[in-house]
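[1] here are the coordinates; sequence isn't available:
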């Protein structure tokens, strides 16, 4: 094997080793949220036993269609036992992404299907954590949600 072949073989192996990082993450929970919270919160929740220093990574798995501009995200309340750790906002679709969407030439409907990382939370102390999530959007009454899952991984 020539040096060039060895070099390309090593580079290919390094590339393949790096590709699997997302697959190494363990899915802890999946919160399927079927509707937007407009009046009162429509929430899904899960409890997780976590250790200090662990990082929970949030992903969204979306399949939506709509007209006009849309900002779509999750509000996630975090508690350790009865102690509130706060509420975080995670953007699933931002205004800047509007121009990247695929628009149907017939109905001007935008179809979005995506899975992406949208944030993280570092655990401050051991405990049983509650993650309660609601789906929020900018006013858009054309929005149809086929799927809006908030995924928690570590």
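    Thanks, I have the structure now. The structure displayed is predicted, hence computed values, not measured ones.
[2] Name the next helix or strand downstream of the helix or strand that contains residue 64, please.
    Taking DSSP states H and E as the definition, one finds residue 64 inside strand 55-66. Downstream of strand 55-66, the next assigned helix or strand under DSSP H and E is strand 72-80.
[3] and that following strand, which strands flank it?
    Sheet pairing of strand 72-80 (DSSP bridges) gives strand 83-93 (antiparallel), strand 127-137 (antiparallel).
[4] of all those strands, which lies closest to residue 46?
    Residue 46 lies closest, by Cβ to Cβ, to one member of the strands paired with strand 72-80: strand 127-137, at 5.4 Å. Heads up, the C-betas are built off the backbone N, CA and C, glycines and all.
[5] So what touches that closest one?
    If you take Cβ atoms under 8 Å, 6 or more residues apart in numbering as the criterion, strand 127-137 is touched by 29, 31, 33, 35-37, 41-50, 56, 70-81, 85, 123, 143, 145, 148, 150, 152.
[6] Quick one: buried ones out of these?
    Taking 16 or more other Cβ atoms under 10 Å as the criterion, what is buried in these is 29, 31, 33, 36-37, 44, 48, 50, 56, 70-80, 85, 123, 143, 145, 148, 150, 152.
[7] quick one: buried residues of stretch 138-154?
    In stretch 138-154, counting by 16+ other Cβ under 10 Å, buried: 143, 145, 148, 149, 150, 151, 152, 153.
[8] could you measure the last one against residue 125, distance?
    This points to residue 153. 20 Å (Cβ to Cβ, to the nearest Å).
[9] Could you do the second one as well?
    Spatial separation of residue 145 from residue 125 under the definition Cβ to Cβ is 35 Å.
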